[in-house]
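In: pasting the structure only:
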């Protein structure tokens, strides 16, 4: 199951979207999904640096039956 997040311009927990890192590091990152209802952990994407944020991978979640 993916962690529900809300991506904000600033002020959220710093995260690095590993899908945007070239070459992709040898880890997948924490699976997260953008919360459509706006209820989730506030995160802000930052550059992949040694002092960067938590590695995450944005995923899509299939709709519930």
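Out: In hand now; what should we look at? This one's a predicted model, so the numbers in the text were calculated from it and none came from an experiment.

In: Could you point out the bridge partners of the most centrally placed residue in the chain in the sheet?
Out: Centroid-nearest residue in the chain: residue 56, 4.2 Å away (criterion: Cα atoms, centre = their mean). Assessed by DSSP bridges, residue 56 has beta-bridge partners residue 17, residue 30.

In: thought it was touching residue 16?
Out: Yes. Between residue 56 and residue 16 there is a contact under Cβ atoms under 8 Å: 6.9 Å. Backbone N, C-alpha and C define where each C-beta goes, glycine included.

In: shared neighbours of these two, anything?
Out: Residues touching both residue 56 and residue 16 (Cβ atoms under 8 Å, 6 or more residues apart in numbering) are residue 29.

In: and residue 43, how many residues sit next to it?
Out: Residue 43 has 23 neighbouring residues, counting by other Cβ atoms under 10 Å.

In: What are the buried residues along the stretch of helix or strand it belongs to?
Out: Residue 43 is part of strand 41-45, with elements assigned from DSSP states H and E. The neighbour-count check on strand 41-45 (16 or more other Cβ atoms under 10 Å) flags 43, 45 as buried.

In: Show the pLDDT at residue 1.
Out: We have a pLDDT of 79 for residue 1.

In: Residue 31 and residue 17: what is the separation?
Out: 12 Å (Cβ to Cβ, to the nearest Å).

In: Compare those two (neighbour count), which wins?
Out: Remark: of residue 31 and residue 17, residue 17 carries more neighbours, 18 against 13, as counted by other Cβ under 10 Å.

In: which residues sit in contact with the more buried one?
Out: 29, 45, 56-58.
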